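1. Got a sequence here, can you model it:
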Amino acid sequence: MAKLQQVAVLESQDKSVQEAIRQIGMTEQTHYRWRGAYRGINRDQLKRLKAMEVENQHLRFAASVLSVDKLIQAEAARGNV
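-> Numbering: from 1, shown residues only. Below you'll find the predicted structure:
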C-alpha cells in the first residue's frame with residue numbers, strides 16, 4: 001500500500017507512471033498487479049487479509065500433516081509397514 005501511495009504522490013507531481021515506478025524501485029508488472037489487487041482496500045482490510053492468508057497457510061499445513069498421518073495409519077492397518 002505504501003508503494004502504491006508513493007506512486008500516486010509522484011504522479012500528482014506531474015511525473016509519468018513509469019517514471020514514478022522506476023523512482024521507487026518497483027517493476028511495472030508488480031505495480032499494476034498490486035494496483036489491481038489492492039485498489040479500494042483500506043489499511044484495516046489489508047491487515048485482515050494478510051492475517052487470513054497466514055491463517056490459511058497454517059491450516060493447509062495442518063491438513064497436509066493430518067493427511068500424511070492418515071495414509072501412514074492406513075498402510076499400518078493393512079500390515080504393509
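
2. quick one: the helices in this structure?
-> With DSSP state H as the criterion, the chain has helices at 2-12, 17-24, 28-38, 43-78.

3. Take those helices and lay them out in CSV including mean neighbour count.
-> (Glycine included, C-beta is placed from N, CA and C.) Conversion of the helices of the chain to CSV gives the following (neighbours: other Cβ atoms under 10 Å):
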stretch, mean neighbour count
helix 2-12, 14
helix 17-24, 15
helix 28-38, 12
helix 43-78, 10
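
4. to the chain's geometric centre, what's the distance from stretch 60-74?
-> 25 Å (Cα atoms, centre = their mean, to the nearest Å).

5. Who are the contact partners of Thr27?
-> Ile21 (Cβ atoms under 8 Å, 6 or more residues apart in numbering).

6. Can you list phi and psi of it for me?
-> Phi and psi for Thr27, reported as degrees, to the nearest 10, are phi -80, psi 160.

7. pLDDT at it, what is it?
-> Here, the pLDDT recorded for Thr27 equals 86.

8. now Ser67
-> At Ser67, pLDDT is 92.

9. Surely Ala20 touches Leu4?
-> No - counting by Cβ atoms under 8 Å, Leu4 is not a contact partner of Ala20; they are 10.3 Å apart.

10. give me every residue that touches Ala8.
-> Contacts of Ala8 (Cβ under 8 Å, 6+ apart): none.

11. meant to ask about Gln23
-> So Gln23 contacts 10, 15 (Cβ under 8 Å, 6+ apart).

12. got it, and Met1?
-> By Cβ under 8 Å, 6+ apart, the neighbours of Met1 are 38, 41, 43, 46.

13. Surely Gln18 and Glu28 touch.
-> Yes - under the criterion of Cβ under 8 Å, Gln18 makes contact with Glu28 at 6.7 Å.

14. and Ile41, backbone torsions?
-> Main-chain torsions, Ile41, degrees, to the nearest 10: phi -100, psi 130.

15. that older thread, show me which of the contacts of Met1 is closest to Glu55.
-> Nearest to Glu55 among those, counting by Cβ to Cβ, is Leu46 at 15.0 Å.
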